[in-house]
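K.L.:
make a model of this:
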Amino acid sequence: MTSTAARIGVFVAGLLAVFGIAFGVGSAVGPWDVDPAPSHSTQHNDIETEVSHDGH
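P.N.:
Presented below is the predicted three-dimensional model:
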């Protein structure tokens, strides 16, 4: 196989096969979420911290 186009085609086909298999395995296994709750809070406190701009 000496054609450049053929080599590129085989390379692209190989890449598609590898990524297709990886996508299939990833879809079958699912995410590896071991901690069901986040370790830190993503919510902000409801404490009013704004500074008054009316001069008082």
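
K.L.:
now do the SS call for residue 16.
P.N.:
helix (DSSP: H, G, I helix; E, B strand; the rest coil).

K.L.:
how confident was the prediction at it?
P.N.:
Residue 16 carries a pLDDT value of 98.

K.L.:
where in the chain is pLDDT low?
P.N.:
Within the chain, the segments meeting pLDDT under 70 span 1, 34-56.

K.L.:
now the helices for it?
P.N.:
Ranges of helices in the chain, per DSSP state H, are 4-29.

K.L.:
which residues touch stretch 20-38?
P.N.:
Outside stretch 20-38, no residue is within contact range by CB atoms under 8 Å, 6 or more residues apart in numbering. (C-beta placed from N, C-alpha, C; glycine too.)

K.L.:
any buried residues in it, and which?
P.N.:
Residues of stretch 20-38 include none that count as buried (16 or more other CB atoms under 10 Å).

K.L.:
would you mark the buried spots in stretch 3-10?
P.N.:
Within stretch 3-10, no residue is scored as buried using 16+ other CB under 10 Å.

K.L.:
roughly how far does residue 6 sit from residue 20?
P.N.:
21 Å (CB to CB, to the nearest Å).

K.L.:
swap that for residue 27, please
P.N.:
For residue 27 relative to residue 20 (CB to CB), the value is 11 Å.

K.L.:
over to residue 10?
P.N.:
15 Å.

K.L.:
and residue 30, by the same measure?
P.N.:
Taking CB to CB, one finds residue 30 at 18 Å from residue 20.

K.L.:
cool, residue 14 as well?
P.N.:
11 Å.

K.L.:
what's around residue 2, how many residues?
P.N.:
5 (other CB atoms under 10 Å).

K.L.:
contacts only, for it.
P.N.:
Taking CB under 8 Å, 6+ apart, one finds nothing in contact with residue 2.

K.L.:
from now on call the first residue 23
P.N.:
Got it, the first residue is 23 from now on, which makes the last one we talked about residue 24.
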